[in-house]
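Asks: Pasting a predicted model and its sequence here:
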Amino acid sequence: MPAADRKRPAARRRGRWADAGALAAGLALPLAFAPFSLYPVAVLSPAVLFAVWRCAAPGRAAWRGFLYGAGAFSVGVSWVYVSLHEFGNMPAALAGVTVGLFVGLLALFPALAGWAQARLCPAGSPVCAVLAQPAAWVLCEWMRGWAFTGFPWLSLGYSQVASPLAGLAPLAGVHGVGLAVAVTAAALAAAVGTPRRTAAAMLLVAGAVWALGAAAGTAQWTRPDGPALRAALVQGNVALERKWRAEERGTIIEHYLSLSEDVAGADVILWPEAAIPGFLHDLGEPFWERLRRLTGQGSTVMFGALERDLDAPGKPYYNVVVAVDAGGRHLYRKRHLVPFGEYLPLSGLFGWLLDYLSIPMSDFAAWSGVQGPLPAGAVRVGVSICYEDAFGAEARRVLPGASVLANFSEDAWFGDSLGPRQRLDMARMRALESGRPALRVANTGISAAFDAGGREIARTRQFVVDVLPVSVQPRQGATPYVRTGDAPVLGVALALAALGGWRARRAEKRAGIASR
């Protein structure tokens, strides 16, 4: 048997092991995120993927990227099944198929990254890989954050809210932190099986990235703005099966009013998203009179509700947060809606889903006008509703004008799954990026408060009625990320990709000349 024929089975076996390694590494990635929070896994897991990408043809690299993504998302966003089946009443088999298709769609992004880095760096040199692999990863992760309205779950940067790399968040945002993670992973992968001098250089690169993150974490990018804000987060823990029944509305309203009267006098009292499960124009005078009693004691009450524009064509309705104080009412309308939960994309294609999803009020309109922070006395609060705090760009819309961030959520749809815990770290990242304290109030929890450095002040347990009193220091000023957004990180990633491609082409040219 010719030597070439004997090598083919061995090469196929190595390829299958590499494929299995990519899948296993993907399955491990969610351990880096809440509630496990083993942040070194966010480096080690993609390092395995980057190692099996080296010297792989573009198609094979794409396949391994897809396997990695399939493993990561099938575990990391398993809460989607809970939402569809347990709370959306979708049959188990159909929910499983739907989640499988969704996971497959998300896995296309790491597949694209694998294909792109292989095209940029076909020779697989260590230096080229350290340039091309992180660049391709972060660019595709950024694309995932806006394509089809965006789904940024399991972005690498979110795994680092408690690591030294968190210091980079005020400089470059979640994608800047993700780029630092990816560079570290690529450097570790490149250090394996290379000459000692090259390996030492790769480890030096990885160490320098983490040292930079630790040094950046000592900087103060914002400054105090007035006295501390005394807030009360009211976690009503109203079960979804009760919440949208018309006969329960009065009981639910009384529930929140009674809980709030116990903390009257707090600077701001926050109720969750759609705490009032009805339209503002349907609320009677007794409700507003009870609120006026609270505001008369010096409190601003912020609560989630629904608003319908009865004068506009089609009478669109909005997911809103209302701030009520002694001066009247102030409104924030949600801009970034949840696909399939708050609106139906491509309704002609996906309309059948509505036959299975029993999601009340699932055809909201998105507000497109300019909105500023809401007042809470002298403090200006940057409001987001549920899904919006997963996007740094949404928080930047009200900065630097807002001195405190607040998110109003309904996490009952996720049950006792990974979803609420993952979302808590997203809120924490917004605090880090903006240099602002962040408040988060959720119907079934987790409700929590973070200071401007992303440190947790307090949190509630899930699925209990609770009122969490916290004190946070408002801040003013703008971090570099607030000023520039993601543009610098994207520019750096594109530059790394271009440099990696240039080095690869130059190496190919030299090899061609040497072979003549």
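Replies: On my side now, so go ahead.
Asks: what's around the closest residue to residue 194 other than its chain neighbours, how many residues?
Replies: Ranked by CB to CB, 6 or more residues apart in numbering and with sequence neighbours excluded, the top spatial neighbour of residue 194 is residue 126, at 5.1 Å. Glycine gets a C-beta too; all of them are placed from N, C-alpha and C. Using other CB atoms under 10 Å, residue 126 has 22 other residues around it.
Asks: give me every residue that touches residue 126.
Replies: Contacts of residue 126 were listed using CB atoms under 8 Å, 6 or more residues apart in numbering, and they are 190, 191, 194, 198, 202.
Asks: can you rerun that using 10 Å?
Replies: When contacts are counted by CB atoms under 10 Å, 6 or more residues apart in numbering, residue 126 touches 54, 186-187, 189-195, 198-199, 201-202.
Asks: pLDDT-wise, what's the bottom of those?
Replies: Scanning the contacts of residue 126 for pLDDT, the low point is residue 193. It has 83.
Asks: Does that one touch residue 129 like I think?
Replies: No. Contact criterion CB atoms under 10 Å: residue 193 and residue 129 do not qualify, at 11.8 Å.
Asks: joint contacts of these two?
Replies: 51, 54.
Asks: more crowded one of the two?
Replies: Legend: neighbour count by other CB under 10 Å for residue 193 and residue 129, higher for residue 129 (26 against 11).
Asks: Point me to the helix or strand that includes residue 182.
Replies: helix 169-191 (DSSP states H and E).
Asks: May I see the buried residues of the following helix or strand past that helix?
Replies: Next helix or strand after helix 169-191 toward the C-terminus (DSSP H and E): helix 196-216. Neighbour-count burial for helix 196-216 flags 199, 201, 202, 205, 206, 209, 210, 212, 213, 216 (criterion: 16 or more other CB atoms under 10 Å).
Asks: relative orientation of helix 196-216 and helix 169-191 in degrees?
Replies: Computed with axes from the mean of the first three to the mean of the last three CA atoms, to 10 degrees, the direction of helix 196-216 lies at 170 degrees from that of helix 169-191.
Asks: Could you export the contacts of residue 126 as JSON lines, including distance to residue 398?
Replies: Formatted as JSON lines, those follow (distance: CB to CB, whole Å):
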{"residue": "54", "distance to residue 398": "44"}
{"residue": "186", "distance to residue 398": "35"}
{"residue": "187", "distance to residue 398": "37"}
{"residue": "189", "distance to residue 398": "40"}
{"residue": "190", "distance to residue 398": "41"}
{"residue": "191", "distance to residue 398": "43"}
{"residue": "192", "distance to residue 398": "45"}
{"residue": "193", "distance to residue 398": "49"}
{"residue": "194", "distance to residue 398": "48"}
{"residue": "195", "distance to residue 398": "52"}
{"residue": "198", "distance to residue 398": "47"}
{"residue": "199", "distance to residue 398": "47"}
{"residue": "201", "distance to residue 398": "43"}
{"residue": "202", "distance to residue 398": "41"}
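Asks: Show me which of the residues you listed is closest to residue 388.
Replies: residue 186 (31.9 Å; CB to CB).
Asks: Roughly how far does the closest one sit from residue 50?
Replies: 5 Å (CB to CB, to the nearest Å).
Asks: Pull the contacting residues for the nearest residue to residue 248 once chain neighbours are set aside.
Replies: Nearest non-adjacent residue to residue 248, counting by CB to CB, 6+ apart: residue 242, 4.9 Å away. If you count contacts by CB under 10 Å, 6+ apart, residue 242 has them with 248, 249, 251, 252, 277.
Asks: For residue 242, grab phi and psi.
Replies: phi -90, psi -30 (degrees, to the nearest 10).
Asks: center of the chain - which residue?
Replies: Residue closest to the mean C-alpha point of the chain, counted by CA atoms, centre = their mean, is residue 390 at 3.6 Å.
Asks: Tell me which helix or strand residue 383 sits in.
Replies: Per DSSP H and E: strand 379-385 holds residue 383.
Asks: If you average the pLDDT over that strand, what comes out?
Replies: Regarding strand 379-385, the rounded mean pLDDT is 97.
Asks: try stretch 92-104
Replies: Averaged over stretch 92-104, pLDDT sits at 91.
Asks: farthest pair in the contacts of residue 126?
Replies: Within those, two members stand farthest from each other by CB to CB: 186 and 195, at 17.2 Å.
Asks: The two: which is more packed in?
Replies: Neighbours were counted for residue 186 and for residue 195 using other CB under 10 Å; residue 186 has more, 33 against 9.
Asks: got the contact list for residue 61?
Replies: By CB under 10 Å, 6+ apart, the contact set of residue 61 is 22, 49, 52-55, 111, 113-119, 121-122, 133, 136.
Asks: distance of it from residue 118?
Replies: Where residue 118 is concerned, residue 61 sits at a distance of 4 Å (CB to CB).
Asks: What of residue 430?
Replies: In terms of CB to CB, residue 430 sits 35 Å off from residue 118.
Asks: so what are the domain limits for this protein?
Replies: 3-220+484-515, 223-478 (automatic domain parsing).
Asks: ok, back up a step: which neighbouring elements make contact with the following helix or strand past the strand holding residue 383?
Replies: Per DSSP H and E, the first helix or strand lying C-terminal to strand 379-385 is helix 392-396. Packing contacts for helix 392-396, counted by 3 or more CB pairs under 10 Å, 6 or more residues apart in numbering; DSSP states H and E, involve helix 169-191, strand 379-385, helix 419-434, helix 480-484.
Asks: deepest of these, which one?
Replies: For the helices and strands packed on helix 392-396, the largest average neighbour count (mean count of other CB atoms under 10 Å) is found in helix 169-191, namely a mean of 27.
Asks: and the helix holding residue 182, how far from the chain's centre?
Replies: Centroid separation between helix 169-191 and its chain, computed with CA atoms, centre = their mean, to the nearest Å, is 17 Å.
Asks: Using CSV, write out the CA atom coordinates for that helix.
Replies: Output of helix 169-191 as CSV, limited to C-alpha atoms (Å, rounded to 0.1, in the frame of the first residue of the first chain):
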residue,chain,number,x,y,z
ALA,A,169,-15.2,47.4,29.8
PRO,A,170,-15.2,51.2,30.4
LEU,A,171,-12.6,51.6,27.6
ALA,A,172,-14.0,49.3,24.9
GLY,A,173,-17.2,47.7,26.0
VAL,A,174,-18.3,44.1,26.1
HIS,A,175,-16.7,43.4,22.6
GLY,A,176,-13.4,45.0,23.7
VAL,A,177,-13.4,42.6,26.7
GLY,A,178,-14.3,39.8,24.3
LEU,A,179,-11.4,40.7,22.0
ALA,A,180,-9.0,40.5,25.0
VAL,A,181,-10.4,37.0,25.8
ALA,A,182,-10.1,35.8,22.2
VAL,A,183,-6.5,37.2,21.9
THR,A,184,-5.6,35.3,25.1
ALA,A,185,-7.2,32.1,23.8
ALA,A,186,-5.5,32.4,20.4
ALA,A,187,-2.1,33.0,22.1
LEU,A,188,-2.5,29.9,24.3
ALA,A,189,-3.5,27.8,21.3
ALA,A,190,-0.5,29.1,19.3
ALA,A,191,1.9,28.4,22.1
